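Q: next comes the sequence, and after it the predicted model I'd like to discuss.
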Amino acid sequence: MSETQAAYAAGREIFSPSALVRRAREVLEQHFPLLWIEGEISNFSRPASGHLYFSLKDAQAQVRCAMFKPKSTYLRFKPADGMRVLARARVGLYEARGEFQLIVEHLEEAGEGALLRAFEQLKARLAAEGLFAPEHKRAMPKLPRRIGVITSPTGAAVRDVLNVISRRFPLVEIEILPVPVQGREAPAAIVAMINAAAAARRHDALLLTRGGGSLEDLWAFNDEAVARAIYASAVPVVSAVGHEVDFTIADFVADLRAPTPSAAAELLTPDAGQLLSLARHRRDRLMQLAMHRLHRLAQQVDHVHARLRAQHPRHRLRTGGERLMQLQARLRAQHPAAQLARRRAGADAFDRRLRAALSHRLEARALHLSELARALNAVSPLATLERGYAILIDVESGRLVRSPIQTAPGAQLRARVAEGEFIVRVEHG
């Protein structure tokens, strides 16, 4: 009896290499569903087929990985050796070689991926609590008198906000509430400033803003404490963090989200020119309504007069006269002239405030221009002439005379002084 026959006779199960590898693959796939694994890429290659082959390693071990083309086309970054990544993969065996490997379904950079997962988890939890609910959102004031801007006092965002508001509605007062906008200390500082501003009730609205940056740069605005401070604020909050494509937790919980700091400034302030035009239109409309009402009351008075003339008995005349006096008293009491005067005074006051603001800006520009003129005059040659100096020009050649050797006896020179010119003649050189 051969050895093989003896083995079968003894009840032993004998595998071929392919059968053993297939059985091992089945066991691995049954016991290891999709899993997440984080490690450093090494031995990376991308052949013409478009598949990705690499190893994921740490200090003690490494495992071979394959990511086939249909999945690799969705990558948002370019993998390379030395890059730390997070992969979602299936455990398996490459049967042709009997090699243990991972079939990668999804791949992302490790640091950003962790932040994105934390962002999505916090977003889902706060949404479930109702912090993003539309019914909690409050409308922004139509004519704000004072706006608090919570941001870095030296960033580009605060300059954009100030420029837009000074152009659109210079009457509004802007108060900068300085905070760090990134780093470990930023969330606590932002929370403290929101709470302080809400408690003070000095502002009609708060603008929480900063310029663009990476997900890590904007992370202070994804802090749970910041979100809850915005939600609890007694003052409406506008969030304008980063660029138009950037979204933070603060954007979702705020009463209004603006795509950029400049856009937030426009959403918070009306256009002064449009307001002035609207005020004038309403003034004209009020005058028309007042005149119409006056004409109607005058017609009622004329009708009562006609009825009184048609009634002969004295007591009826007396009663009609009393009715006429009552109507006249009502006409005086309801006369819209007083209302018209008040509305006109309000429109005039708004016009004066707007003109004063514009005049203030013009005076500032004029003062700056005057300073520039004084600086220019200080280096002007005309200022030198005022101190008693003269400029000599040879009449014949037109050249400027700087030295006696440039002239000869009898030569005529044109001398320019502060208050005019005259001709001089050289007597000797």
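A: Thanks, I have it.
Q: drop to CA atoms for contacts and neighbour counts, all remaining ones
A: OK.
Q: spatially central residue for the chain, please.
A: In the chain, the residue lying closest to the centroid (CA atoms, centre = their mean) is Pro261, at 1.5 Å.
Q: residues touching that residue, list them.
A: 157-158, 160-161, 209-211, 240-242 (CA atoms under 8 Å, 6 or more residues apart in numbering).
Q: return the member of those residues nearest to Leu358.
A: Distance to Leu358 across the contacts of Pro261 (CA to CA) is lowest for Val161, with 18.5 Å.
Q: neighbours of Arg167, how many?
A: 12 (other CA atoms under 10 Å).
Q: mark out where each domain of the protein begins and ends.
A: Using automatic domain parsing, the domain parsing of the chain gives 3-110, 130-270, 273-356, 386-425.
Q: looking at these, spot the one closest to Glu120.
A: Of all the domains of the chain, domain 130-270 sits nearest to Glu120, with 9.4 Å by CA to CA.
Q: how far off centre is the closest one?
A: Offset of domain 130-270 from its chain centre (CA atoms, centre = their mean, to the nearest Å): 8 Å.
Q: first vs last residue of that domain, how far apart are they?
A: Using CA to CA, to the nearest Å, one end of domain 130-270 lies 31 Å from the other.
Q: list the ones among the contacts of Pro261 that fall in strands.
A: Per DSSP state E, strands hold the following members of the contacts of Pro261: 209-210, 240-241.
Q: sorry, back to before: any idea how far the residue nearest to the centre of the chain lies from Asp394?
A: 63 Å.
Q: next one: Ala48 from Phe68, what distance?
A: 12 Å.
Q: neighbour count: those two, which is higher?
A: For Ala48 and Phe68, the more surrounded residue by other CA under 10 Å is Phe68, and the numbers stand at 16 against 7.
Q: quick one, phi psi at that one?
A: When read as degrees, to the nearest 10, the backbone of Phe68 gives phi -80, psi 160.
Q: quick check: pLDDT value at it.
A: Note for Phe68: predicted pLDDT of 93.
Q: return the residues in contact with it.
A: 50-52, 104.
Q: export the residues you listed as TSV, with columns for distance to Ala59, neighbour count and pLDDT.
A: As requested, these are exported to TSV (distance: CA to CA, whole Å; neighbours: other CA atoms under 10 Å; pLDDT from 0 to 100):
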residue	distance to Ala59	neighbour count	pLDDT
Gly50	29	15	90
His51	26	16	94
Leu52	23	19	96
Val104	21	23	95
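Q: can you give me the helices for the stretch 201-350 of the chain?
A: Ranges of helices within the stretch 201-350 of the chain are 224-232, 249-253, 261-268, 272-310, 314-333, 337-378, based on DSSP state H, counting those that start in this stretch.
Q: out of those, nearest to Arg76?
A: The minimum distance between Arg76 and the helices of the stretch 201-350 of the chain falls on helix 249-253, with 22.6 Å, by CA to CA.
Q: would you mind pulling the contact partners of that closest one?
A: Helix 249-253 is contacted from outside by 119, 123, 131-132, 221-223, 226-227, 230-231, 238-241, 257, using CA under 8 Å, 6+ apart.
Q: buried ones in stretch 180-197?
A: Buried residues in stretch 180-197, counted by 16 or more other CA atoms under 10 Å: 180-182, 186-187, 189-191, 193-195, 197.
Q: tell me which of those fall in strands.
A: Counting by DSSP E, those place none of their members in strands.
Q: which pair in those spans the largest distance?
A: Pairwise distances across the buried residues of stretch 180-197 peak at 20.0 Å for Gln182 and Ala197 (criterion: CA to CA).
Q: first-to-last residue distance for stretch 52-64?
A: Between the opening and closing residues of stretch 52-64 lies a distance of 11 Å (CA to CA).
Q: now the contacts of Pro261: which count as buried?
A: Applying 16+ other CA under 10 Å to these flags 157-158, 160-161, 209-211, 240-242 as buried.
Q: between those, which is closest to Ile147?
A: The nearest one, if we look at these relative to Ile147 and count by CA to CA, is Val161, at 10.9 Å.
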